[in-house]
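Chemist: Here you go, sequence then predicted model.
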Amino acid sequence: MAQHITSENFKEFAQSGKPSVLDFWATWCGPCKRVAPIIEELATEYEGRVNIGKCDVEEDEDLAMQFRVSSIPTIVFFNAQGEPVDRIVGALPKSALVQKIEALL
C-alpha cells in the first residue's frame, strides 16, 4: 500500500536510501482516480525496493508548493539520496511509470 506522505514525514520517506515515487493528487481529480489503482499496484510490486507514496495536495499545500506542482496528478521520482530526478504530469499508463521506476533502480 502506498504511504500517506505529508510535510512532516516527507524527509524520512525520500531519504531512506531507496528510490521514491510520490503521487500528488486530490479526491476531486478524475485523472488522479484513474492513476490511484496503478500507484497501489506499483507499491505492492516494488515493496522493499522503492518507496511509493501519495500526497493529497489539499491536505498538504506546502509540499505541493515545494515541488512546484501546478497540475495533478503529478508524480515525482526521487533517487536514493532523496533528490527529485524526474516527473510525470497527467494520467499515463502503468508501463510509463514502470519505465521511470526501473530507471531509478
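Modeler: Cool, got the structure.
Chemist: Just say helix, strand or coil for the residue most central in space within the chain.
Modeler: Residue closest to the mean C-alpha point of the chain, counted by CA atoms, centre = their mean, is Leu22 at 1.5 Å. Secondary structure state of Leu22, per DSSP: H, G, I helix; E, B strand; the rest coil, is strand.
Chemist: residues contacting the nearest residue to Val50 once chain neighbours are set aside?
Modeler: Nearest residue to Val50, sequence neighbours excluded (CB to CB, 6 or more residues apart in numbering): Pro19, at 5.0 Å. For every residue, glycine as well, the C-beta is placed using N, CA and C. Taking CB atoms under 8 Å, 6 or more residues apart in numbering, we find Pro19 in contact with Arg49, Val50, Asn51, Phe77, Phe78, Asn79, Ala80, Ile101, Leu104, Leu105.
Chemist: the strands in the protein, which residues?
Modeler: For the chain, the strands defined by DSSP state E occupy 3-4, 20-25, 51-56, 74-78, 84-89.
Chemist: want to throw those into CSV with distance to Glu12?
Modeler: Compiled in CSV, the strands of the chain are given as follows (distance: least, CB to CB, whole Å):
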stretch, distance to Glu12
strand 3-4, 10
strand 20-25, 10
strand 51-56, 9
strand 74-78, 12
strand 84-89, 16
